[in-house]
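Participant: dropping a prediction and its sequence here:
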Amino acid sequence: MRPAHSASLEFDYPDERRARIVERAVAVEVGEIDDARSGASVERDGTTVVITVKAGDLVALRAGMNSWIRLAETAESVSQAGDRRARSA
């Protein structure tokens, strides 16, 4: 794939622990959901997780962005549910 388009998503968290949890949860998907039209990378800088999607065309970029947003949202939801459960135990 020769990426002609790219976009980055930045997710900011209240603390490094939450950012690390989300980053580790989504980073395992790098290379797994990539295809011939798009790919992604995941990085964390303190409390910010940055997901960069690169694609050969705009349709693939949109699809990739949607997939990575859903992955990050799911990781956030599961992390928050785990925190709530730990507090109530």
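Facilitator: On my side now, so go ahead.

Participant: in the chain, which spans are strands?
Facilitator: Taking DSSP state E, the strands of the chain run over residues 5-12, 38-45, 48-55.

Participant: longest helix in this protein, please.
Facilitator: helix 58-88 (DSSP state H).

Participant: sorry, back to before: tell me which of the strands of the chain sits most buried.
Facilitator: Across the strands of the chain, averaging neighbours per residue (mean count of other C-beta atoms under 10 Å) puts strand 48-55 on top, at a mean of 21. Where C-beta positions appear, they are placed from N, C-alpha and C, glycine not excepted.

Participant: still on that earlier bit, mind putting the strands of the chain into a markdown table with mean pLDDT?
Facilitator: What follows is the strands of the chain, written out as a markdown table (pLDDT from 0 to 100):
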| stretch | mean pLDDT |
| --- | --- |
| strand 5-12 | 96 |
| strand 38-45 | 95 |
| strand 48-55 | 97 |
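
Participant: need the ones you listed in TSV (columns: distance to Asp83).
Facilitator: Putting the strands of the chain into TSV (distance: least, C-beta to C-beta, whole Å) gives the following:
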stretch	distance to Asp83
strand 5-12	17
strand 38-45	19
strand 48-55	17
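
Participant: which one of these lies closest to Ala72?
Facilitator: Across the strands of the chain, the minimum distance to Ala72, taken as C-beta to C-beta, is reached by strand 5-12, at 5.6 Å.

Participant: which other helices and strands does the closest one contact?
Facilitator: The contact analysis (3 or more C-beta pairs under 8 Å, 6 or more residues apart in numbering; DSSP states H and E) places strand 5-12 against helix 16-27, strand 48-55, helix 58-88.
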